[in-house]
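Asks: Take this sequence and fold it.
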Amino acid sequence: MLSGSILAHIMTGLRRATGRIILWFLIGFVAAAAIVEGVAFAASSGHFYALTHIAALVMGIAFGYAAGLTVLVIEVVRFLVKGLQDLERDVRGEFTGGERIVEGIVQNIEKRL
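Replies: Below you'll find the predicted structure:
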């Protein structure tokens, strides 16, 4: 039971993290590329050059990568904290279940005496 909940937790966290990493990569990429293109357009009096597009692409990839890695680190920390909380809850549940079994045995013995 415990291993099944851990596996389900890992898969859910992985699916959520993948979506968020891709989303923030795209947001960082588009924002950085748009800023570079806008500044180059304003600085060159309304003309675009091939070097501008290359610089926008490189900056977009760099900022997208940084945003994606930041989200990855946040998701890993969130996963570890949630995993430890779930593990603590499962262990407490197992201990209280054992307590109930022992109390039942003691009560059964007391009834027979």
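Asks: Helix or strand for residue 47, just tell me which one.
Replies: Taking DSSP states H and E as the definition, residue 47 sits outside all helices and strands.
Asks: Just give me the neighbour total for it.
Replies: Using other C-beta atoms under 10 Å, residue 47 is surrounded by 9 other residues. (Each C-beta comes from the backbone N, C-alpha and C, glycine too.)
Asks: And the helices in the chain?
Replies: With DSSP state H as the definition, the chain shows helices at residue ranges 2-43, 50-112.
Asks: Mean neighbour count, these: which tops it?
Replies: Stretch with highest mean neighbour count among the helices of the chain: helix 2-43 (a mean of 14; mean count of other C-beta atoms under 10 Å).
Asks: so for that helix, what's the average pLDDT?
Replies: Helix 2-43 carries an average pLDDT of 85.
Asks: which residues touch residue 73?
Replies: If a contact means C-beta atoms under 8 Å, 6 or more residues apart in numbering, then residue 73 has no contacts.
Asks: Check residue 24 too.
Replies: Counting by C-beta under 8 Å, 6+ apart, residue 24 makes contact with 64, 67, 68, 70, 71.
Asks: Alpha carbons of stretch 63-76, as CSV, please.
Replies: Taking only C-alpha atoms (Å, rounded to 0.1, in the frame of the first residue of the first chain), the coordinates of stretch 63-76 have been written out as CSV:
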residue,chain,number,x,y,z
PHE,A,63,16.1,33.0,-20.4
GLY,A,64,13.7,30.2,-21.1
TYR,A,65,16.3,27.7,-19.9
ALA,A,66,16.8,29.7,-16.7
ALA,A,67,13.1,29.9,-16.1
GLY,A,68,12.6,26.2,-16.7
LEU,A,69,15.5,25.3,-14.3
THR,A,70,14.1,27.6,-11.7
VAL,A,71,10.7,25.9,-11.9
LEU,A,72,12.5,22.5,-11.8
VAL,A,73,14.3,23.3,-8.6
ILE,A,74,11.0,24.6,-7.0
GLU,A,75,9.1,21.4,-8.1
VAL,A,76,11.9,19.1,-6.7
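Asks: Kind regards, and thank you for your time.
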